[in-house]
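**Q** quick check, what structure comes out for this input:
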Amino acid sequence: MTINRTPDKFVLLLAFAEIGVHRVHLQTDCNKHIPVNQRQRIIIIMMNDDNDHSWSVDGGESSDGDNHRPYGMDSIEQEKAEEAAVAEITKRETRGVQMWRVFTIFTLVAVSVAVSTITFRLLQNKDVDEFEDSYAFFAAAIQNAIETHIEDVFSAGELVSVQVTKAAMEKNESFPFVSVDLYEIIGSQARKMSGVDQIIWGPVVDADQYDAWTIYSAENIGWYKASVELYMAEPEEDEEDDRRLEEYDFSDTNYEISSPAEGQDVGPGPWAPIWQVSPPPPSSSAINLDMYAYGTKALDDAVDAFRMGLMTQVIDAESENKDSPRSVVVEPVFEHLLDDETAPIVGHIYSLFTWETYFSSLLPEGVNGFLAVLKNSCGQSFTYALNGKSVEFMGVGDMHDTNYDHMETVIPFHDDEASDQEELTGVAGHCLYYVSIYPTKDFAQKYNSSDPVQATTTLVFAFAFMITAFLMFDCFVVRRNRKLLIAMTRTNAIVSNLFPSTVRDRIFAQAKHENDEKKGLNGKSRLKTFLSDGNDGNDEMDENDHFLYKTKPIADLFPETTILFADLAGFTAWSSMREPTQVFILLETIYKAMDDIAKARRVFKVETVGDCYVAVTGLPDPRKDHAVAMCRFASDCVQKMDALTRKLEVILGPDTTDLQMRVGLHSGPVTAGVLRGERSRFQLFGDTMNTASRMESNGLPGKIHISQETARLLIAAGKEHWVVPREEKVVAKGKGELQTYWLVTTKASNHAQSDTASSETETSGEVGGTMLHNTTCEMPTPLMDEKTERLVKWNVEVLAALLKKVISHRSDLVDTQESTQKTSFSKLTTTPLDEVQEIIRMPVFKGCSVAEIKEEDLGSAVVEQLQEYVSAIASMYQNNPFHNFEHASHVTMSVVKLLSRIVAPDVDAVNSDLDSTLHDYTYGITSDPLTQFACVFSALIHDVDHPGVPNTQLVAENPQLARFYKEKSVAEQNSVDLSWELLQDNNFKDLRLAICPTEHDRVRFRQLVVNSVMATDIMDKDLKNLRNMRWDKAFAAQNAEESMKDAVDRKATIVIEHLIQASDVAHTMQHWHIYTKWNQRLFEEMYSAYIQGRSATDPSENWYKGEIGFFDFYIIPLAKKLRECGVFGVSSDEYLNYAEKNRHEWEARGIEVVANMVVAVHKKFGTKSR
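**A** Residues are numbered from 1 along each chain as shown. Modelled structure (predicted):
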């Protein structure tokens, strides 16, 4: 890609890096290219600026006529188009990056879910496989054991059956009359081999053999006693098996075949009497009980049919022996041996066993968690729990967990090879048994390892960490790119504001050229430099060569421009009374408004120096109507300045509306460019700049002063009605006499001032170097003028802010005397002067945390009443030239400034010891908002109803008032009483309660107000001497008997009084302009009293010397005391410096100033000078 840069095209190149910031090389030559990293995207926007357009503002007028003509793509529109294009590209690229970010995150999440799921499934399946394999292994072991038990059970019966047949053959006995010798020995071996509980030999006795059997059994009953003896001789297998001979019943019995149910007939036969039993029964009465009576006839028939051993159902499933289900295996006894297929069945062997016996010891020790469900073809089922070698009968029924149905292992409890199963189940009377083996949850839990969860959790956390790391990396990259974009945007905005677009492009191009030169030092050149011995004469350079730029300066000549200089007249004096923040509020507000007007009027702002604003038209974009556009801009700024000062006076206080803009314009050629170096900026040079500056300095506040060249351009543009020649010529420094003009604005009628002006900025409009102010003695009117309304609003804002602090901090300070009495505002019987306290108790500091302090809002009722009260106070001030409401507001402003300069403890700090120290250092004044409120309140009311004459004259004019106040501080006491009585009105009930909710607060507030207002009487010698003594006692002497608390409170009281004293005469310790302004008003007030006959002395006769004495004996000592207090910071030095400067200035110029003031008052009051 090749980028061509021509004068009619502007190239904006933006490089966006998706992940990191990589190098981008921009070459402006036609034959160079831009190598771009693969991970970058280069967006190039080209805007054509082929034609040079211009337009004018203000109603569409232009220098070419009255029709509005679009200027085209000028610098402002071009910047807007660039910003819009960049914003659109950024939006599109951001959308793409966001889509990829979402896709990447989705992919990572999907992969993490898939991998985690697969891992979990694989490990879980591994556990399942281990579980199933283990189960299969132990199930096979159980099956082998059970099959062995099956063989043993049936083999035991077969063994006894063979022994019975053998005994018959050996003794040549015929059935059923056969007895086996030593039957207990044979039965015992069979029981031990098979684990059965009892083995019974029962022959089949037909009906014709009944009597013979009865005789035979009686004759051969001896086997019973022999079996008992043999049984007793056997070793005991169980500790609980306690065999005692006396437990056996050997009494004779009826050996007839009987039924186990008493009184029940045995039937017609055949019968199956119990004959020989192993182990022998406890009583011989069990012998010859008919087995068929137990329901074995059908089973015997099945055995006879199949000629093999079969099982009964569980015989005692519903009996009391539920814990040990039992069954009987019936084996046939054949008449002959070795002929089982055809030999007649002559009896049966009954093997009684407990199922639990065959379920024990099926598993190794420690292997638990198997269930064995015993089922038979007769519909019965029983559940056993197999745990190692032990077995537990759980109950009747199938109780296995159906979740393991698929793992069932079925073990038949019969010989599958002996007969067909269907044939066996087809014959009633016997039951086929099956054992189903199942695992349990306990067994499965052993193989339910934590490996799947742990591995999956590890993977999830790993992927979560990867995703988090990606998101964090993405956030960092986005944040870094955003910061870079913001930095570049701000840099571009700053550069665009400081420099025109053409100059900006040249600065960027030069910076790029220098960067390319640095990169041009390749390895070969560096190697050459390294190998150089330094003796090459061609490489020798002058040590000053590095100060020379290798590129051309950024400067151009603009032949047709109009330059504006705008200065704020009276700003220096105004700012001397304000805090730095207030000064910046004023300048920022005015300059912002002028900047907005400049953008609308296409005026280029050059710079601001202090309170001077410099602007130009005709560059960087040449325009024919540059003079017309600048005149419109100047007119708009003057009008906007007037509107803003009226609005700001409510915020910034008195005298703000006195500020006016003084404007000077001149047209001509100018050299413009950038002086390269540190903190370089766009600057203008040439005689046009100097002349425009002279136009401003020789102008008048509120008027626009233009040169002859600018006037000529306006006339040529058809604006001759805008121009009014100045009556006298102006003598400008370096220019001689100049014919200048006034620009007629919409408010020209409001500025009908003399065209005479001095060349000094701050003394313009003064008579003999002193500013004169048109102050009139008008009678008070029911309605306040606009200025007074603004002052009222400002005072309300100040008092409301302090009252909020009073309410929010009231609970954070421990009063010296708590009071729960009901608030009373009744008028005291004493005079205010009698209430003056030598020491006013200040509250004790109490540290508190930030959470304890809450911002309190004043209720609407309190705010309304405060507004009404201040308005009423303003109306109670007489319309004197000096002692008026504006003077009270001026004193209030000084009090607020001094209070803000006192070093105050940070009550929000954690270190309460430091807070307490600062509290003591400032005597507790700034720790108590009520004290601050009282000081400002006192400044507001201190001259209420002042008659405009001293107390000596007031005593003469109003004897009744004088007698009431004992001819001491009459005006001051009257002001206190009038203001206090007004506060007692029911209309201000809420305001009173907000200020003083308790009697103790009321008393303190009253004391503070009285002491403060009484301190403003500086003419009473007795009071003055008393204050001096109190000062010496507080700050000069060391009273060992006085407590620390009394000493601190005494100093606080003195500081408060001197604070308001200094504020009452603050004009003498402020800028010379402020001092002469209020000095003139005081002179006018005194002269007015003189011509009215209220004063016998002409003030002009001794005014000059009186002011010098006033400075020497009161003002300067008072300023020094402010410094000696040690709490007012830099303000004390500021007040002292201004006082001394004003004193010297008065000494030098005072006679002239007094003469001019005399001329002014004679002219105003129509009197004649002597």
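
**Q** residue 1119 looks like it's in a strand, true?
**A** No: with DSSP: H, G, I helix; E, B strand; the rest coil as the criterion, residue 1119 is located in helix rather than a strand.

**Q** how far away is the nearest residue to it once chain neighbours are set aside from residue 896?
**A** Leaving aside its sequence neighbours, residue 1119 sits nearest to residue 1136 (CB to CB, 6 or more residues apart in numbering; 4.0 Å). No exception for glycine: its C-beta is placed from N, CA and C like everyone else's. As judged by CB to CB, to the nearest Å, residue 1136 and residue 896 stand 20 Å apart.

**Q** and what of residue 652?
**A** 11 Å.

**Q** how about residue 883?
**A** As for residue 883, its distance to residue 896 is 20 Å (criterion: CB to CB).

**Q** for residue 410, same thing?
**A** Residue 410 is 103 Å from residue 896, by CB to CB.

**Q** and the strands in the stretch 651-800 of the chain?
**A** 660-674, 682-685, 704-706, 723-725, 730-732, 736-738, 741-743, 766-767, 770-771 (DSSP state E, counting those that start in this stretch).

**Q** can you list contacts of the fourth one?
**A** Here strand 723-725 makes contact (CB atoms under 8 Å, 6 or more residues apart in numbering) with 706, 711, 714-715, 739-744, 748.

**Q** swap the cut-off to 7 Å and go again
**A** With contact meaning CB atoms under 7 Å, 6 or more residues apart in numbering, strand 723-725 is reached by 711, 714-715, 741-744.

**Q** turn the residues you listed into JSON lines, columns for neighbour count.
**A** Converted to JSON lines, these look like this (neighbours: other CB atoms under 10 Å):
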{"residue": "711", "neighbour count": "25"}
{"residue": "714", "neighbour count": "25"}
{"residue": "715", "neighbour count": "15"}
{"residue": "741", "neighbour count": "22"}
{"residue": "742", "neighbour count": "21"}
{"residue": "743", "neighbour count": "24"}
{"residue": "744", "neighbour count": "17"}
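
**Q** what's downstream of the helix or strand containing residue 607, the next helix or strand?
**A** Using DSSP states H and E, residue 607 maps to strand 604-609. Following strand 604-609 in sequence order, the next helix or strand is strand 612-617 (DSSP H and E).

**Q** sheet partners, orientation included, of that next one?
**A** strand 554-569 (antiparallel), strand 604-609 (antiparallel) (DSSP bridges).

**Q** tell me the most buried of these?
**A** A comparison of those by mean neighbour count, using mean count of other CB atoms under 10 Å, puts strand 554-569 on top with a mean of 22.

**Q** CA atoms of that one as CSV?
**A** What follows is strand 554-569, C-alpha atoms only, in CSV (Å, rounded to 0.1, in the frame of the first residue of the first chain):
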residue,chain,number,x,y,z
ILE,A,554,7.1,26.1,11.2
ALA,A,555,6.1,29.6,10.4
ASP,A,556,4.0,31.4,7.8
LEU,A,557,3.0,34.9,6.9
PHE,A,558,-0.7,35.7,6.9
PRO,A,559,-1.3,39.0,5.2
GLU,A,560,-5.0,39.5,6.1
THR,A,561,-5.9,39.0,9.8
THR,A,562,-7.6,40.7,12.6
ILE,A,563,-6.3,40.3,16.1
LEU,A,564,-8.3,40.8,19.3
PHE,A,565,-7.0,41.6,22.8
ALA,A,566,-9.6,41.4,25.6
ASP,A,567,-8.8,42.3,29.2
LEU,A,568,-10.9,42.2,32.3
ALA,A,569,-10.9,45.7,33.7
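
**Q** give me the mean pLDDT for it.
**A** Over the span of strand 554-569, the pLDDT mean works out to 90.

**Q** tell me the angle of that strand relative to strand 660-674?
**A** Orientation of strand 554-569 against strand 660-674 (axes from the mean of the first three to the mean of the last three CA atoms, to 10 degrees) gives an angle of 170 degrees.

**Q** chain center to strand 554-569, what's the gap?
**A** Distance of strand 554-569 from its chain centroid, counting by CA atoms, centre = their mean, to the nearest Å, is 49 Å.
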